[in-house]
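> Provide a 3D model corresponding to the input given below.
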Amino acid sequence: MSKKTSTIWLCEQCGNEFSTWAGKCPACGEWNSLKELKVESSKSKAGRNSEKIETKKMADVEIGKVERMMTGIGEFDRVMGGGIVPGSITLLGGEPGIGKSTLILDVANRMKRALYLSAEESMSQITMRAKRMGIDGKNITLVSGPEISALDREIEKIDPDLIIIDSIQTVFHNSYDATPGSIVQVRECGIYLQQLAKKSGRSIIIIGHVTKEGNLAGPRILEHLVDTVLYLEGEGFSEARILRDIKNRFGATNEVGIFSMQEKGLTEVKNPSELFLSEKNDSPGSVVTVALEGTRPILIEIQALVAPTHFGYPKRTSSGFDLNRLNLLAAVISKKTHFDLSNHDIYLNIVGGMKVNEPAVDLAVVASIISSYKNKSFGPNSVFVGEVGLLGEVRKVIRQADREKEAKNLGYKIIDGIKDIGELIKQLN
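Residues are numbered from 1 along each chain as shown. Okay, the predicted model is just below:
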């Protein structure tokens, strides 16, 4: 059958295909995201297989009970929604050296039979890591090589419960003439793995690379194909590692699991609040708040440093908190109080490497800035929770009772009765 080569343009962000190039993707609106792609197509339609489709009324569809595979790693199972669902496909991303392979190797060790395909590391390298972690690997079968279609025959021999691909950017499918890591290979390998998971009923975990911006590398369609998308976050100088899910078809999204990087691998942290407050001291600029990460309330420390600026334009810097939100809150403080921050630099840090985005921490951020500006503390056991509006008013937040319970368990108390940020000054010692 004769074939011809044609050129299409594929959007890296949304995965849509176009016949001509455009500076802006017509589908998702991203600029400079269309990449050229050579494809081979058959001239003749003869011999194409027409697959039958199944139709059924929704009322007649039977829903069976899903038996999740529990790993015994409480923080991992929590993020997954209670365990790994058979036939599901999960994508795990993170910075190089953050601990992705270490975590997944621990997960594989807790399965009955696991198949570990690695195109990045040799079998001896993986085994060395396993020995360091105290894993004998009797239930783990290693496959070394980039050819992903070889999984079909290996699955029949091993019959694994879990299949691990490390990583999607280094494997390739021999049916497509493209290099590993290219748009076409990442997309087609992702589609192959998705069909494999649904057809065989075996769970698959894919490890993916990230770009310098922190996003998963490759076409965005990869994230749409999988059932769960996980990110492993953390700072290289800190032991804390945060496993966060941004997509989960079988559980709540934005759930987090907290781990600590130790000599023998990642150790789950039973009480994250104690981890982030372990070195808390009652100093000006230090304030405690309760943030919701998924369904879990966590006490975290916010530190602010306010200092006179030596230049004409004050500097604003934040770590773990949105910089635009910080500028907005600083403007509200200057407008609604007698504190003039127009000639002061503000540095804000969420202790422990956490990234907090919910509005409930606004009041704590404002409190830390005022505390640093006045060089006075709010007391060792004070907790501030509330959303701050543009008019300086303090609004209530969701799940207040759960936040109060978590604070009380650790000996803290949420300060109530603050209607606007002007009343914060009365709380200073």
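
> Where do the strands of the stretch 151-300 of the chain begin and end?
Secondary structure of the stretch 151-300 of the chain (DSSP state E, counting those that start in this stretch): strands located at 162-166, 203-208, 228-233, 240-248, 256-262, 265-268, 286-293, 296-308.

> Now mean neighbour count and mean pLDDT too, for the ones you listed, in TSV please.
Any C-beta I mention is one placed from the backbone N, CA and C, and that applies to glycine too. Listed next are those as TSV, based on neighbours: other CB atoms under 10 Å; pLDDT from 0 to 100:
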stretch	mean neighbour count	mean pLDDT
strand 162-166	25	95
strand 203-208	25	95
strand 228-233	22	93
strand 240-248	21	91
strand 256-262	21	89
strand 265-268	20	90
strand 286-293	24	92
strand 296-308	20	94
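
> Could you report the distance from Asn349 to Lys355?
For Asn349, the distance to Lys355 equals 12 Å [CB to CB, to the nearest Å].

> joint contacts of the two?
Listed as contacting both Asn349 and Lys355 by CB atoms under 8 Å, 6 or more residues apart in numbering are Gly320.

> Show me where the protein has its helices.
Using DSSP state H, the helices of the chain run over 74-79, 100-109, 123-132, 151-158, 183-200, 221-225, 272-276, 323-336, 362-374, 400-409.

> Enumerate the positions of the last one that are buried.
Of the residues in helix 400-409, those scored as buried under the neighbour-count criterion (16 or more other CB atoms under 10 Å) are Arg403, Glu404, Glu406, Ala407.

> can you pull the contacts of the second one?
Spelled out, it's Glu404. Glu404 touches Ile414, counting by CB under 8 Å, 6+ apart.

> And it, how close does it get to Phe384?
Glu404 is 12 Å from Phe384, by CB to CB.

> got any residues that touch both of these two?
In contact with both Glu404 and Phe384: Ile414, using CB under 8 Å, 6+ apart.

> Asn349 and Lys355 - which one has more neighbours?
Neighbours were counted for Asn349 and for Lys355 using other CB atoms under 10 Å; Asn349 has more, 18 against 15.

> From what I see, Asp322 and Lys355 are in contact.
No: look at Asp322 against Lys355 with CB atoms under 8 Å: they stay out of range, at 9.2 Å.

> Okay, and the beta partners of the closest residue to Asn327 other than its chain neighbours?
Spatial nearest neighbour of Asn327, excluding adjacent residues (CB to CB, 6 or more residues apart in numbering): Arg316 at 5.6 Å. Judged by DSSP bridges, the bridge partners of Arg316 are Ile346.

> I'd say Arg316 and Ala330 touch.
Yes: the pair Arg316 and Ala330 qualifies as a contact (CB under 8 Å) at a distance of 6.8 Å.

> Between those two, which contacts overlap?
Ile346.

> ok, these two, which is more surrounded?
Using other CB under 10 Å, the more surrounded residue of Arg316 and Ala330 is Ala330, with 22 against 16.
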